[in-house]
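> Got a predicted structure plus its sequence, pasted below:
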Amino acid sequence: MRNKFLKEIIDQTSKDTEIFIDKYSDIVLRINQILKEKNISQKDLATSMGKSPSELSKWLSGNHNLTLRSIAKIEAELGESIIEIPLKCFTSNFKEEWEQTIVSFVIEKKIKAEKNTNRKNWDESRKIKFA
């Protein structure tokens with residue numbers, strides 16, 4: 001009876017959900033592997049990241065959707081790569097596209113930084129200064 005029920009659930013699961021579950025579990029397994037190798041507890045990692053142990057526990061139990069930003073924070077804290085994207089082929093066409101993408105990211109980042117600087121300067125100029 002139970003096997004039949006599980007088979008029905010599996011059969012009704014969409015492909016994107018299957019892929020999500022596989023990727024999520026791979027990420028959590030990788031994080032736990034690094035923690036074990038470095039003899040770091042989840043609590044220690046949470047503390048070093050300025051997070052509560054319960055929040056990190058949610059991330060690693062599947063009760064919270066990991067974002068690319070949170071994965072990057074974990075990677076930075078652990079000093080290890082969690083996700084690696086293989087490059088299949090590096091042709092001249094791909095190289096040009098890649099370079100254009102990188103240039104676009106750099107330009108966007110500079111524009112955002114400039115806007116933030118200008119915004120801070122503008123905010124500072126509007127403050128009333130009391131003598």
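That came through, no problem.

> For the rest of this, base every contact and every neighbour count on C-alpha atoms.
OK.

> Could you break the protein into its assigned domains?
2-78, 86-131 (automatic domain parsing).

> Run a quick neighbour tally on residue 101.
12 (other CA atoms under 10 Å).

> got it, and residue 74?
Counted with other CA under 10 Å, residue 74 comes out at 20.

> Now do the helices in the protein.
2-12, 15-37, 42-49, 53-61, 68-78, 92-126 (DSSP state H).

> could you check the angle helix 15-37 makes with the first one?
Pointing back at helix 2-12 there. Inter-element angle recorded for helix 2-12 and helix 15-37: 110 degrees (by axes from the mean of the first three to the mean of the last three CA atoms, to 10 degrees).

> Deepest in the core, which of the domains of the chain is it.
Sort the domains of the chain by mean neighbour count, taking mean count of other CA atoms under 10 Å, and domain 2-78 sits at the top with a mean of 13.

> chain center to that one, what's the gap?
Centroid separation between domain 2-78 and its chain, computed with CA atoms, centre = their mean, to the nearest Å, is 11 Å.

> about what we covered before: lowest average pLDDT across the domains of the chain?
Across these, domain 86-131 has the smallest mean pLDDT, namely a mean of 65.

> quick one on the thing from earlier: may I see the helices of the chain organised as JSON lines, with distance to residue 85 added?
Conversion of the helices of the chain to JSON lines gives the following (distance: least, CA to CA, whole Å):
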{"stretch": "helix 2-12", "distance to residue 85": "28"}
{"stretch": "helix 15-37", "distance to residue 85": "13"}
{"stretch": "helix 42-49", "distance to residue 85": "24"}
{"stretch": "helix 53-61", "distance to residue 85": "21"}
{"stretch": "helix 68-78", "distance to residue 85": "13"}
{"stretch": "helix 92-126", "distance to residue 85": "14"}
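
> Go through those and name the closest to residue 86.
helix 92-126 (13.8 Å; CA to CA).

> who's in contact with residue 66?
Applying CA atoms under 8 Å, 6 or more residues apart in numbering, we find residue 66 in contact with residue 59.

> Check this structure and tell me which residue is nearest its centre.
residue 68 (2.1 Å; CA atoms, centre = their mean).

> Quick check: the gap between that residue and residue 7.
Residue 68 sits 32 Å away from residue 7, going by CA to CA, to the nearest Å.
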